[in-house]
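Student: Using only what follows, build the 3D model:
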Amino acid sequence: MVIAVTAGFAIVAWSGVEQYKSSGGDDEVAFRSYVDNLYANHRLPTPSENAEFSLPPGIPALGVALNWAFKPIIAGRPSPIFQSLPRLLRRLLWLALVVAGVALIARAPPLAPRWLIGMGAWVAAAGWAWIYINTAVDNEAWLPLVLIDLVSAVALVPATAWLAHEVWPRSRYAAPLGALGAVLLPPIFDASLYFHPDPPFALLAVVATALVLRAVRTGLTVAAGVAAGLVLGLAALTRQSAPIVAVALLAAVLLIGRRRALRYAGAAAVAMVVVAGPWWYHQIRVYGNPVESNLKRAGYMLDHQPRSFYVSLPTELITRPRAYHFQDKLLPRFHAFLWSDWDGTYNNKWAPAKPHAKTLASVQSVLGFGGDALVLGGLALFGFPALVRVLRRRVRGPDETLAILATLFVVSWVAFVTMLIRFPQKGGDPIKVHYLLFLAPVSIVFAIASGRWLARRGGWPRALLFGWLVAYAVSWALTLATAF
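Tutor: Just a heads-up that it's a prediction; the model follows:
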């Protein structure tokens, strides 16, 4: 089931990428410029050269490698094999590759290490074939860099299934529900469309979280700590916010394991420092800060945000949930980014908007309140109580894993709001869902927890849950079918 959902999402995501054609998503121009600078000059950009000068070099370096690998294709040398084939036949050949890959992966036990490696290799191979077949003929030179985010977004589907499996390892339905939840959450689809470091960072953060959950269930060994630390180190080479994820996860493990978790946490911390330490040292030497950012921008800064920035519920969230309405209001804008199309990714920045687009955006925003309720309800009814029971050492069921996810959720949101308070900007510019994309799978787990609770109660709660699921799935499918 997870394989089928992932394959279906991969096809939909590739279709979206082809239609969007790297149209300059959120700061994509600056990130591509970073790669070009690194490729041409073999050095990091300075603050005067690129607004994203402080980005860790992991993803740009990977982008350089892809540009080098596909340089003959990008330079315009057509493929002798594919250049004479009709476009439809090329698509069918690629689809055959996808089906063959799914059939091979299906032979391995779901969520086993070799299954996950096989899934990653299949996505990468299918992406490479898509780039080669199409770029070589249609000169779609923008595809190689987008492949990084496309692979990351598609991989978030089985990664979410893995996370749900670690919380409920005996449930046959937890992993498929996690995969379905990832497919239904708009930011994960958005993440596949353009070149940005947040999708690969989210994937690494979720993999690290799943490794921590598995270690808590099966044993807090030094080897398991090293594995989690290595992944967290790679995440730190991808985005400055990786230490927040690391602190939240390791603090939760220490709360759960107490003294028996010391060696695990120590091994994870050392492994992370070994991988990311040279980069942090470089940033300290150059900027005096290991997690230097570009959030303090001349001409954009305010003394502070008004109270309405933090507490507000404008009616436009239902009637007109799109830019530039309520752009300086935290929760409304975050909600519209999360469930609807606030910035017009699917609708040409709302200029002009398709006749049906505004209606679908409003429907998505309204139905999104149900999603908010499921996530926050799961956090309140299961996450926080699990954390309290862990602190009191009265653990039962999946309390330990849910307590870790609750800690990660809360610490990350506190850090996000702290960032907004410390760097208040005109128009609420840093209010962007992809900064917290790594919490999407965590949120899905909490939504599953509250959804299971409603389904078990039967009667009208179950009818309400399934009615909302059907309505939302239809609304999201129509949104995708009519996008671009």
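Student: residues in contact with V206?
Tutor: With contacts defined as Cβ atoms under 8 Å, 6 or more residues apart in numbering, V206 is in contact with 156, 159-160, 163, 438, 441-442. Bear in mind the C-beta positions are built from the backbone N, C-alpha and C, glycine included.
Student: Closest one of those residues to R170?
Tutor: Ranked by distance to R170 (Cβ to Cβ), the contacts of V206 are led by L163 at 15.4 Å.
Student: hang on, the closest one packs against F446?
Tutor: No: using Cβ atoms under 8 Å, L163 is not in contact with F446, being 10.9 Å away.
Student: Which residue ranges of the stretch 301-450 of the chain form helices?
Tutor: 307-310, 316-319, 330-339, 357-378, 384-391, 399-422, 440-457 (DSSP state H, counting those that start in this stretch).
Student: Quick one: closest of those to L230.
Tutor: Proximity to L230 (Cβ to Cβ) singles out helix 399-422 among those, at 18.5 Å.
Student: What helices and strands are in contact with the closest one?
Tutor: helix 143-167, helix 198-218, helix 242-257, helix 384-391, helix 440-457 (3 or more Cβ pairs under 8 Å, 6 or more residues apart in numbering; DSSP states H and E).
Student: which parts of that helix are buried?
Tutor: Within helix 399-422, the residues that count as buried by 16 or more other Cβ atoms under 10 Å are 399-409, 411-412, 415-416, 420.
Student: re the thing from before, tell me which of the helices of the stretch 301-450 of the chain lies nearest to A174.
Tutor: helix 440-457 (6.8 Å).
Student: what sits up against the closest one?
Tutor: Residues outside helix 440-457 that contact it (Cβ under 8 Å, 6+ apart): 156, 159-160, 163-164, 167, 174, 177-178, 181-182, 185, 187-188, 202, 206, 209, 371, 373-379, 381-383, 402, 405, 408-409, 461-462, 464-466.
Student: quick check: angle from the helix or strand just after it to helix 440-457?
Tutor: Using DSSP states H and E, the helix or strand that directly follows helix 440-457 along the chain is helix 459-481. Going by axes from the mean of the first three to the mean of the last three Cα atoms, to 10 degrees, helix 459-481 is angled at 140 degrees with respect to helix 440-457.
Student: Are there helices or strands packed against helix 459-481, and which ones?
Tutor: Under the contact criterion of 3+ Cβ pairs under 8 Å, 6+ apart, helix 459-481 touches helix 174-184, helix 186-190, helix 357-378, helix 440-457.
Student: Can you tell me the SS state at S192?
Tutor: coil (DSSP: H, G, I helix; E, B strand; the rest coil).
Student: any idea how far it lies from H434?
Tutor: Plainly put, S192 is 12 Å away from H434 if you go by Cβ to Cβ, to the nearest Å.
Student: Give the residues shared as contacts by the two.
Tutor: Common neighbours of S192 and H434, using Cβ under 8 Å, 6+ apart, are P199.
Student: These two: which is more packed in?
Tutor: Using other Cβ atoms under 10 Å as the criterion, S192 and H434 rank with S192 on top: 24 against 20.
Student: hang on, the more buried one packs against S15?
Tutor: No: S192 lies out of contact with S15 (Cβ under 8 Å); the separation is 10.1 Å.
Student: got a list of contacts for stretch 279-297?
Tutor: 47, 51-54, 56-57, 236-237, 240-241, 243, 273, 419, 422-423, 425, 430.
Student: do that again at 6 Å, thanks
Tutor: 51, 54, 56, 237, 240, 423 (Cβ atoms under 6 Å, 6 or more residues apart in numbering).
Student: By neighbours, which of the residues you listed wins?
Tutor: That'd be P56 among those, by other Cβ under 10 Å, with 25 neighbours.
Student: which ones are touching it?
Tutor: Each residue near P56 by Cβ under 6 Å, 6+ apart is listed here: 237-238, 279.
Student: which SS state does it fall under?
Tutor: At P56 the chain is in coil, as set by three-state DSSP.
Student: so what's it scoring on pLDDT?
Tutor: With respect to pLDDT, P56 scores 95.
Student: Please determine how far the residue nearest to it when sequence neighbours are not counted is located from L55.
Tutor: Distances taken as Cβ to Cβ, 6 or more residues apart in numbering put L237 closest to P56, at 4.9 Å, once the chain neighbours are dropped. According to Cβ to Cβ, L237 stands 10 Å off from L55.
Student: next one: L420
Tutor: 20 Å.
Student: How about A252?
Tutor: For A252, the distance to L55 - Cβ to Cβ - is 28 Å.
Student: quick one: which of those two has more around it?
Tutor: Between A252 and L55, A252 has the larger neighbour count (other Cβ under 10 Å), namely 26 against 23.
Student: My read is that the more buried one contacts T407, right?
Tutor: Yes: at 4.0 Å, A252 counts as touching T407 under the criterion of Cβ atoms under 6 Å.
Student: what's the burial count for the residue nearest to F466 when sequence neighbours are not counted?
Tutor: Spatially, and ignoring its direct neighbours in sequence, F466 is nearest to A455 (7.9 Å; Cβ to Cβ, 6+ apart). Using other Cβ under 10 Å, A455 has 12 neighbouring residues.
Student: 51 is where my numbering starts, stick with that
Tutor: Sure, I'll start numbering at 51, so the last one becomes A505.
Student: Show the model's pLDDT score for A505.
Tutor: 94.
Student: gap between it and I498?
Tutor: When Cβ to Cβ is the yardstick, A505 and I498 sit 10 Å from each other.
Student: Also A111?
Tutor: Distance of A111 to I498, computed by Cβ to Cβ: 36 Å.
Student: Please apply the same query to E366.
Tutor: From E366 across to I498, the span is 31 Å (Cβ to Cβ).
Student: can you check P208 too?
Tutor: According to Cβ to Cβ, P208 and I498 sit 15 Å apart.
Student: One more: V520?
Tutor: As judged by Cβ to Cβ, V520 and I498 stand 17 Å apart.
Student: Same drill for the two, tell me which one is more crowded.
Tutor: Shown here are V520 and I498; by other Cβ under 10 Å, I498 has more neighbours (26 against 10).
Student: wait, doesn't A60 sit right on A203?
Tutor: No: A60 is not in contact with A203 according to Cβ under 6 Å; the separation is 9.1 Å.
Student: Can you pick out the residue with more neighbours from these two?
Tutor: Per other Cβ under 10 Å, whichever of A60 and A203 has more neighbours is A203, with 28 against 25.
Student: Appreciated, that's everything.
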